[in-house]
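Engineer: Generate a structure from the sequence data that follows.
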Amino acid sequence: MTIEDKEFSSLNWDDEALLPGTYENCRFDSCYFSGADFSGFRFIFCQFESCDFTMADWNETALQEVQFIDCKLLGANLYACNAFLLEFSFTNCQLDLANFHSLKLDATRFVKCRMEEVDFSDANLKNALFDACDLSRAIFNNTILEKADFRTAYNFSIDPEENYIQGARFSQSGLAGLLNKYDIEIE
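Structural biologist: Next comes the predicted model:
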C-alpha cells in the first residue's frame, strides 16, 4: 500500500495506528507515536513536526529524505532502520539516548538538538553538521567525523585517538571537548 501527498494531524498511535506501507511526500503534525512499531514502513520525502516517537520501534524502517522538526525521539534505536538510501535531518529535536550505532550518516544535519547520551559508535558522520547541539555524554567511539562541523556544538567529549576527525571543524571554546581524557585545565 502506498499513500502519497497526505497530511496527518494529531494522530495517536494508541487510538489509531498507521497502516504498514509506503508514505511518500506526507506530512505528520503533532502526532503521538510513543511506543509505535514502524517495522517495515517506508517514509520517503516526509516531514514530521512536533511528533513524539519515544521508544518507537524502527526495525527495517526506510527513512529516505525525512525531516524531523520539533520532535521527541527519546531512546530511538535508529540503528535498526533500513540502511538503504537512509537520509534524514533533525531540527530542534530531543534525541536523548538515541542510538545511531554503525549507521552511514554522511552530511546529516542536526540543528539545535538535545542529544544527551546518544550513541554514535562506529557510525560514519562525514560532513555532518552539529549546529547548536547539546552532546552531553554522547558516545563517539571509532566514529568517522571527517569534515564534520562541531563549531557551535557544546558539551561533547571526543577522543581524537579513538575517532577519525581529519578536517573536522571545532571552535576554540570546543577544544576542551577534545582534551577531556587528559584531565587538564583550560582557561
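
Engineer: Now do the helices in this structure.
Structural biologist: 176-179 (DSSP state H).

Engineer: In it, which strand is the longest?
Structural biologist: Assignment by DSSP state E gives strand 62-69 as the longest strand of the chain.

Engineer: partners of it, with directions?
Structural biologist: strand 42-44 (parallel), strand 47-49 (parallel), strand 87-91 (parallel) (DSSP bridges).

Engineer: Can you lay out those as a markdown table showing mean neighbour count?
Structural biologist: C-beta here means a position set from N, CA and C on the backbone, and glycine is covered the same way. Converted to a markdown table, the strands paired with strand 62-69 look like this (neighbours: other Cβ atoms under 10 Å):
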| stretch | mean neighbour count |
| --- | --- |
| strand 42-44 | 19 |
| strand 47-49 | 21 |
| strand 87-91 | 18 |
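
Engineer: I'd like to know which of these is closest to residue 97.
Structural biologist: strand 87-91 (14.3 Å; Cβ to Cβ).

Engineer: what's next to that closest one, contact-wise?
Structural biologist: For strand 87-91, contacts defined as Cβ atoms under 8 Å, 6 or more residues apart in numbering pick out 63-71, 73, 108-113.

Engineer: Neighbour-wise, which one of those leads?
Structural biologist: Within the contacts of strand 87-91, neighbour counts (other Cβ atoms under 10 Å) peak at residue 73, which reaches 27 neighbours.

Engineer: From residue 157, how far out is the residue nearest to that one when sequence neighbours are not counted?
Structural biologist: In space, and not counting its chain neighbours, residue 73 is closest to residue 53: 4.7 Å by Cβ to Cβ, 6 or more residues apart in numbering. When distance is defined by Cβ to Cβ, to the nearest Å, residue 53 is 26 Å away from residue 157.

Engineer: quick one: which of the two has more around it?
Structural biologist: Under the neighbour definition other Cβ under 10 Å, residue 53 and residue 157 were set side by side, and residue 53 has more, 28 against 16.

Engineer: and the gap between the more buried one and residue 34?
Structural biologist: 7 Å.

Engineer: repeat for residue 79
Structural biologist: 19 Å.

Engineer: What's the local residue count around residue 19?
Structural biologist: Under the criterion other Cβ under 10 Å, the count of neighbours that residue 19 has is 8.

Engineer: just checking, it touches residue 1?
Structural biologist: Yes - at 6.2 Å, residue 19 counts as touching residue 1 under the criterion of Cβ atoms under 8 Å.

Engineer: Which residues are in contact with the residue lying closest to residue 137 once chain neighbours are set aside?
Structural biologist: Leaving aside its sequence neighbours, residue 137 sits nearest to residue 117 (Cβ to Cβ, 6+ apart; 4.7 Å). Residues in contact with residue 117 (Cβ under 8 Å, 6+ apart) are 96, 97, 136, 137, 138, 139.
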